[in-house]
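> Sequence unavailable; structure follows:
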Ligand code: FAD
């Protein structure tokens, strides 16, 4: 058949995985085509994920902080929110980042082809543009980075008052009463934004606690601080029916445990469904290329990010959990380098997780709850922020920093931070784990005073028994 574009490397999808893979491939000298269905590069993360949510969370944090100043004798007027201007600010942030990416693609001579890509063979992909026109791209090597999509609940009707994370980030309205279905990171971040903007929020979660994956001691601190933010937090509760009525969205619940009583049905002005994301592996005609896709839509890969076909790689959300941008970027570099013939492997010990809520909750490596469940013996250094001069000065000393050590080798294997800016600090613990640091290495590293990051050094001192600041 006819071939419109020939290339050495074809990257499908321009999210954090795809653009990073394309840029690295081009930097390594490969003639690279990047296929993306949307006009804007950056994927979920830049357009409807990490970046817009952080723009709104930043605004929420400023509002919350100024309002909290009244405790110190500084009073600000109740904020007046111009939702159109706030939305414009968020959109400006996105545009700045995505046009930056377009510039970087151009600089590297990455050929960006806009349209939906569907494989037609192991070396060809068909790209259908918005106007229906089609192009065939022939490639020697490929990296699939088609990402993931939101999971919908089958019983939820279509209604503008019912949104997913993308709809919530559009910021069309500030509802009086809002329900967040799903107590994971994405749901709780959006709950933080909307509650600060003035909504009353309920959260419903099927499992026995919010923010699954994080240690319960950290979630407890977060939940206590946020007590007033939520009207009801319904855990161990299933959402079983959602009806769009004129007066609002009626939601019915069922207890997840037999014998427990379910909450009464409620009427909401807006409902956010945040129950997870599913991989796009099943939507790209991978079978035409001969690439294996699991029933759930994941593409299995080896440590070089190679699929079952040696010349086709896959990265990012569609190769598995955790579905995080920094994991996708790291995998992208491995795939591009491996495709270029280098001995690159995905060989990290840990991948950090962060909930950018208020306070932030960040963790990396093994958690205490996981160790308990697996019968792994850990030792701990725990530093409460009530003993941190900086946290107290900030008026935010509810948090703590903990480090988890292997009981035999005394090397650090995990850590968690709950408190303001926890996400900005967790990287140090990740580095310590990757470097095989032990408690003394961290305790003897001079951290600047007075900082929140100092709490990491202090937690190590607590573990070593050399902390002089605690009774
Ligand atoms: P994606 O970003 O999903 O990109 C895939 C791209 O492929 C998309 O642009 C899509 O249009 C394109 N595509 C798919 N199929 C085709 C096709 N057939 N043809 C052409 N193009 C196609 N992660 C973090 O690490 N930190 C955060 O703070 C964070 N916050 C988040 C907040 C929200 C609300 C959401 C929804 C997600 C968040 N994430 C966060 C997750 C993060 O967005 C994803 O892990 C990341 O975007 C995955 O990158 P990716 O390259 O694998 O895929």
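Looks like it arrived, so ask away. What you see is a predicted model, and the numbers here were worked out from it, not measured in a lab.
> so who does the closest residue to the ligand within the stretch 201-350 of the chain touch?
Sorted by distance to the ligand under Cβ to the nearest ligand atom, the residues of the stretch 201-350 of the chain start with residue 316, at 2.1 Å. Backbone N, C-alpha and C define where each C-beta goes, glycine included. Contacts here follow Cβ atoms under 8 Å, 6 or more residues apart in numbering; on that basis residue 316 touches 13, 15-18, 145, 147, 323, 327-328, 331-332.
> From the residues you listed, which land in helices?
If you go by DSSP state H, those have 16-18, 327-328, 331-332 in helices.
> Including distance to residue 287 and pLDDT, could those residues go into CSV?
What follows is those, written out as CSV (distance: Cβ to Cβ, whole Å; pLDDT from 0 to 100):
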residue, distance to residue 287, pLDDT
16, 26, 98
17, 21, 98
18, 21, 98
327, 26, 98
328, 23, 98
331, 23, 98
332, 24, 98
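> Of the residues you listed, which is the most crowded?
For the ones in helices among the contacts of residue 316, the largest number of neighbours (other Cβ atoms under 10 Å) sits with residue 17, at 34 neighbours.
> I figured that residue hits residue 317, correct?
Yes. Under the criterion of Cβ atoms under 8 Å, residue 17 is in contact with residue 317, at a separation of 7.5 Å.
> shared neighbours of those two, anything?
Applying Cβ under 8 Å, 6+ apart, one finds that residue 17 and residue 317 are jointly contacted by 147, 328.
> Now do whichever residue of the stretch 101-250 of the chain sits closest to the ligand, the pLDDT please.
The nearest approach of the stretch 101-250 of the chain to the ligand comes at residue 147, 2.0 Å away (Cβ to the nearest ligand atom). You'll see residue 147 listed with a pLDDT of 98.
> What is the burial count for it?
26.
> now do the one 5 residues further on
Residues lying near residue 152 (other Cβ under 10 Å) number 13.
> Not including adjacent chain positions, what is the nearest residue to the residue of the stretch 201-350 of the chain closest to the ligand?
Counting by Cβ to Cβ, 6 or more residues apart in numbering, the nearest residue to residue 316 once its immediate chain neighbours are dropped is residue 17, at 3.1 Å.
> mind listing the helices in the stretch 201-350 of the chain by residue range?
Under the criterion DSSP state H, counting those that start in this stretch, the stretch 201-350 of the chain carries helices at the ranges 216-225, 286-289, 325-339.
> Turn those helices into CSV, including distance to residue 234.
Listed next are the helices of the stretch 201-350 of the chain as CSV, based on distance: least, Cβ to Cβ, whole Å:
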stretch, distance to residue 234
helix 216-225, 13
helix 286-289, 39
helix 325-339, 30
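> and among those helices, the most buried is which?
Of all these, helix 325-339 carries the top mean neighbour count, a mean of 24, counting by mean count of other Cβ atoms under 10 Å.
> got the contact list for it?
If you take Cβ under 8 Å, 6+ apart as the criterion, helix 325-339 is touched by 9, 15-18, 20-21, 24-25, 28, 30, 45, 49-50, 141, 143, 145, 304-306, 311, 313-317, 319, 344-346, 348, 351-352.
> Could you tell me which of those count as buried?
Burial by neighbour count, 16 or more other Cβ atoms under 10 Å: within the contacts of helix 325-339 this picks out 9, 15-18, 20-21, 24-25, 28, 30, 45, 49-50, 141, 143, 145, 304-306, 313-317, 319, 344, 346, 352.
> returning to what we had before: spit out the contact partners of the residue nearest to residue 316.
Counting by Cβ under 8 Å, 6+ apart, residue 17 touches 43, 145, 147, 315-317, 328-329, 331-332.
> change it to 10 Å
11, 43, 45, 143-147, 305, 314-319, 325, 327-333, 335 (Cβ atoms under 10 Å, 6 or more residues apart in numbering).
> From the ligand, how far off is residue 59?
In this structure, residue 59 and the ligand are separated by 16 Å, where distance is defined by Cβ to the nearest ligand atom, to the nearest Å.
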